[in-house]
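# test case, fold it:
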Amino acid sequence: MLKLKNVLLKAGSKQSELAKALNLSQATVAQIVNHGEWPKSLDQADLQARIREFLVAAGADAVDVSTAFEEADPADLASVLEAKVS
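Below you'll find the predicted structure:
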C-alpha cells in the first residue's frame, strides 16, 4: 500500500474523487493506492504529477505529497484512521 492512501485520508478526499479528477476508473485508482500497481497504458510519471496536483488542490501537506508514492507502514494508516474517528 502506498502512503497515498494516508495522504488522501488526511486531506479528506476519497479515492473515488481522485478517480474522477484523473478520468480513471475507481478500480484503477484502487490498484495504485492499495497495491502500487500502475496502469501499463499510461505514463507513470505523468500520472504521478496529476495525482500530486490533485493532492495539493485538496489541501494536502507538502511533505505528505512528496512522499505519497512510497510504501506505507500499516501503523501509519491506523494512526490516521484513529485521528479521523476522534
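# residue 3: neighbouring residues, count only.
20 (other CB atoms under 10 Å). For the C-beta atoms, the positions are set from N, CA and C on the backbone; glycine is no exception.
# so it sits against residue 64, correct?
Yes - applying CB atoms under 8 Å, one finds residue 3 in contact with residue 64, separated by 7.3 Å.
# distance check, residue 10 against residue 42.
According to CB to CB, to the nearest Å, residue 10 and residue 42 sit 25 Å apart.
# scratch that, residue 67
22 Å.
# can you check residue 16 too?
18 Å.
# got it, and residue 62?
25 Å.
# in terms of neighbours, single out the busier of the two.
Remark: of residue 62 and residue 42, residue 42 carries more neighbours, 13 against 9, as counted by other CB under 10 Å.
# contacting residues around that one?
Going by CB atoms under 8 Å, 6 or more residues apart in numbering, residue 42 touches no other residue.
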